[in-house]
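Asker: Show me the folded form of this:
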Amino acid sequence: MTSTEEFIELSERRSAHNYHPLPVVIHEAQGAWVTDVEGRRYLDCLSGYSSLNFGHGNPKIIEAAQEQLARLTLTSRAFFHDQFAAFAAGLGDLTGKDMVLPMNTGAEAVETAIKVARKWGYEVKGVPDGQAEIIVMEDNFHGRTTTIVSFSTDPDAHDGFGPYTPGFRIVKYGSIEAIREAVNANTVAVLLEPIQGEAGVLVPPDGYLTQVRELCSAENVLMIADEIQSGLGRTGDTFACEHEGVVPDVYVLGKALGGGVVPVSAITANEDVLGVIRPGQHGSTFGGNPLACAVANAVVEMLRTGEYQARA
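Answerer: Residues are numbered from 1 along each chain as shown. You can find the predicted model right below:
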């Protein structure tokens with residue numbers, strides 16, 4: 001195969017139609033530019049939904065990946081490895097949190113935050129078993145697992161995949177009053193995107209994140225910020241929450257954390273939250289693997305300079 005048409009025809013014939021790509025077949029890329037199979041060059045304005053915040057083939061990230069690739073790629077978390085401590089400490093320091101729980105994809109990180117919030121609710125807040133509720137926003141996009149689409153308001157993501165997971169209350173994005181009305185004794189968390197991505201890049205009203213932080217603190221509810229798309233330098237600060245000086249209880253991270261090389265995700269929180277997870281209760285074979293940690297360590301190191309935030 002050499003032509004765009006041939007690649008597209010075979011792809012469409014042999015794969016599920018869960019995407020409808022643009023008619024471009026990319027062959028190679030560097031920085032902000034991609035080249036297709038017939039040599040045409042394009043400016044990549046999508047940036048992998050922020051997964052490529054540092055560009056295609058960033059030399060520092062590629063060097064870290066290649067060095068680790070030749071030495072050790074996977075141990076599973078049944079063992080320690082020499083990249084993990086730096087990953088946990090570095091990402092924890094970047095977010096100002098005590099602890100890190102690594103996964104692979106963004107959706108896995110969101111699922112992790114949901115599980116942690118529920119367990120914290122039962123063990124720390126004292127919510128009756130099985131009664132925990134999480135407040136979420138209309139027009140959210142947190143992933144496509146069965147639990148996450150249960151609280152999606154996008155018909156394409158939601159419809160046809162029931163029965164749906166209970167335990168979520170959907171409110172209007174940008175309205176602190178809507179959250180205030182939804183909070184009750186069983187509320188364990190408010191989960192939101194500081195800037196809604198898939199909904200159309202929606203920036204909330206000034207002061208909204210500050211009000212959410214204050215309400216969560218007053219009601220003993222975890223504020224969970226899904227910074228998978230808006231975080232890691234994307235908006236000119238390391239995290240979009242920083243534009244209002246807000247620090248959530250839980251950061252949900254992914255996409256750019258893998259530098260456009262491998263899937264890397266994580267949640268970070270203080271020990272009084274993440275300490276509720278004990279051996280065997282949550283994990284992933286590939287979560288926190290040596291290759292992923294080496295790449296993420298390079299990303300964190302680059303973010304420490306502030307250069308990428310300033311350029312964004």
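Asker: for the stretch 1-150 of the chain, what spans make up the strands?
Answerer: Secondary structure of the stretch 1-150 of the chain (DSSP state E, counting those that start in this stretch): strands located at 26-30, 33-36, 41-43, 99-103, 133-137.
Asker: Identify the residues contacting the most centrally placed residue in the chain.
Answerer: Centroid-nearest residue in the chain, with Cα atoms, centre = their mean: residue 228, separated by 2.9 Å. Residue 228 is in contact with 50, 106, 109-110, 252-255, 265, counting by Cβ atoms under 8 Å, 6 or more residues apart in numbering. Every C-beta, even on glycine, is put in place using the N, C-alpha and C of the backbone.
Asker: what two of the residues you listed are the furthest from one another?
Answerer: 50 and 110 (15.2 Å; Cβ to Cβ).
Asker: higher neighbour count, the two?
Answerer: The neighbour comparison of residue 50 against residue 110 (other Cβ atoms under 10 Å) goes to residue 110, with 26 against 21.
Asker: Next one, pLDDT for the spatially closest residue to the more buried one that is not a sequence neighbour please.
Answerer: In space, and not counting its chain neighbours, residue 110 is closest to residue 142: 4.5 Å by Cβ to Cβ, 6 or more residues apart in numbering. For residue 142, the model assigns a pLDDT of 98.
Asker: And the lowest mean pLDDT element among the helices and strands of this structure?
Answerer: Lowest on mean pLDDT, DSSP states H and E among the helices and strands of the chain sits helix 307-311, with a mean of 95.
Asker: Can you give me the distance of the nearest residue to residue 122 once chain neighbours are set aside to residue 221?
Answerer: Leaving aside its chain neighbours, residue 122 sits nearest to residue 129 (5.8 Å; criterion: Cβ to Cβ, 6+ apart). From residue 129 across to residue 221, the span is 18 Å (Cβ to Cβ, to the nearest Å).
Asker: And for residue 99?
Answerer: 20 Å.
Asker: Same check on residue 194?
Answerer: When residue 194 is compared with residue 221 (using Cβ to Cβ), they lie 17 Å apart.
Asker: Setting aside sequence neighbours, what's the nearest residue to residue 263?
Answerer: Per Cβ to Cβ, 6+ apart, closest to residue 263 is residue 104, 4.5 Å.
Asker: quick one: contacts for the one you found?
Answerer: Residues near residue 104 by Cβ under 8 Å, 6+ apart: 263-265, 284, 286-287, 292.
Asker: and what of residue 171?
Answerer: 135-138, 178-179, 181-182.
Asker: Pull out the buried members of the residues you listed.
Answerer: 135-138, 178-179, 182 (16 or more other Cβ atoms under 10 Å).
Asker: show me what contacts residue 90?
Answerer: Taking Cβ under 8 Å, 6+ apart as the test, what residue 90 contacts is 296-297, 300-301.
Asker: I'd guessed residue 154 sits against residue 142; true?
Answerer: No: using Cβ atoms under 8 Å as the test, residue 154 is too far from residue 142 to be in contact (10.9 Å).
Asker: Quick check on those two: which one has the bigger neighbour count.
Answerer: residue 142 (29 against 15).
Asker: State the helix or strand in which the nearest residue in space to residue 112 that is not next to it in sequence lies.
Answerer: The shortest distance from residue 112 to any non-neighbouring residue, by Cβ to Cβ, 6+ apart, is to residue 267 (5.2 Å). Counting by DSSP states H and E, the element that carries residue 267 is strand 265-269.
Asker: Need the contact partners of the helix or strand following that strand.
Answerer: Helices and strands here follow DSSP H and E; after strand 265-269, the next one along the chain is helix 271-274. Where contact means Cβ under 8 Å, 6+ apart, the residues beyond helix 271-274 that reach it are 98-101, 116, 120, 124, 222, 249-250, 267-268.
Asker: Buried ones only from those residues, please, as a PyMOL command.
Answerer: Of those, the buried ones go into a single PyMOL selection, burial set by 16+ other Cβ under 10 Å:
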select buried, resi 99+100+101+116+120+222+249+250+267+268
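Asker: follow-up on the earlier one: please render the contacts of residue 228 as a markdown table that adds pLDDT to the earlier fields.
Answerer: Putting the contacts of residue 228 into a markdown table (pLDDT from 0 to 100) gives the following:
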| residue | pLDDT |
| --- | --- |
| 50 | 96 |
| 106 | 98 |
| 109 | 98 |
| 110 | 98 |
| 252 | 99 |
| 253 | 98 |
| 254 | 98 |
| 255 | 98 |
| 265 | 98 |
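Asker: neighbour-wise, which of the residues you listed leads?
Answerer: Busiest of those [other Cβ under 10 Å] is residue 109, holding 31 neighbours.
Asker: who touches that one in this structure?
Answerer: 103, 228, 252-254, 265-267.
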